[in-house]
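Visitor: Sequence isn't available, so here's the structure alone:
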């Protein structure tokens, strides 16, 4: 889990040029759907991360650098609830940039997971409850959520 989080967070700050993907790994229309879902996840992840950073700093004091924030997001339980979203983006990246054959149904499963994450709930699991709370407190999270869910709805 930690390596997935670390991979995404490093990746978020600079997208590495990847060698060309074999054209037959993922059909273009499905690849486009994955790209849209990935961008939606990253947009909401960024808003949630900014929200959590502000909460953390109000309680624990300023985070001195981006490197320190990265370490906190990876290792501090305060930020652990964000890991399901982080890990899903990493899984999408691994699927779309890997050299291995794409398992049957894997892209569709990742798309379904992405849609499932955009379900904040006062009564749900830890991720859903924290997401719900963030939406009550942060207009930027509400806006990112609305844009993301609209993008994902357009994929159907």
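Guide: Yep, it's here. It should be emphasised that the depicted structure is a prediction, and the values quoted were computed from it without experimental measurement. Numbers count the residues shown, from 1 in each chain.
Visitor: only C-alpha atoms for contact and neighbour calcs from this point on.
Guide: OK.
Visitor: Pull the number of nearby residues for residue 50.
Guide: Per other Cα atoms under 10 Å, the neighbour tally for residue 50 reads 15.
Visitor: same deal with residue 46?
Guide: 15.
Visitor: Next one: it, what pLDDT does it get?
Guide: If you check residue 46, the pLDDT there is 97.
Visitor: Who are the packing partners of the helix or strand harbouring it?
Guide: Assigned by DSSP states H and E, residue 46 belongs to helix 28-60. Contacts defined by 3 or more Cα pairs under 8 Å, 6 or more residues apart in numbering; DSSP states H and E place helix 28-60 against helix 83-97, helix 106-117, helix 126-137, helix 139-153.
Visitor: Which of the ones you listed sits closest to residue 70?
Guide: helix 83-97 (12.3 Å; Cα to Cα).
Visitor: quick one: that closest one to helix 106-117, angle?
Guide: 160 degrees (axes from the mean of the first three to the mean of the last three Cα atoms, to 10 degrees).
Visitor: Need the helices and strands packed on helix 28-60 in TSV (columns: mean pLDDT).
Guide: Shown next, in TSV, are those (pLDDT from 0 to 100):
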stretch	mean pLDDT
helix 83-97	94
helix 106-117	95
helix 126-137	97
helix 139-153	96
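Visitor: among those, which is nearest residue 48?
Guide: helix 139-153 (6.2 Å).
Visitor: what does that closest one contact?
Guide: The contact list for helix 139-153 (Cα atoms under 8 Å, 6 or more residues apart in numbering) reads 36-37, 40-41, 43-44, 47-48, 51, 115, 118, 134-135.
Visitor: quick one: the helix holding residue 46 to helix 139-153, angle?
Guide: 170 degrees.
Visitor: can you give me how far the helix or strand following helix 28-60 is from the chain middle?
Guide: Next helix or strand after helix 28-60 toward the C-terminus (DSSP H and E): helix 66-75. How far helix 66-75 lies from its chain's middle: 16 Å, per Cα atoms, centre = their mean, to the nearest Å.
Visitor: Now helix 66-75: average pLDDT?
Guide: Per-region confidence: helix 66-75 scores 95 on mean pLDDT.
Visitor: buried residues in it?
Guide: Across helix 66-75, burial judged by 16 or more other Cα atoms under 10 Å covers 69, 72-74.
Visitor: what helices or strands is that helix leaning on?
Guide: helix 2-13.
Visitor: swap the cut-off to 10 Å and go again
Guide: Counting contacts by 3 or more Cα pairs under 10 Å, 6 or more residues apart in numbering; DSSP states H and E, helix 66-75 packs against helix 2-13, helix 28-60, helix 83-97.
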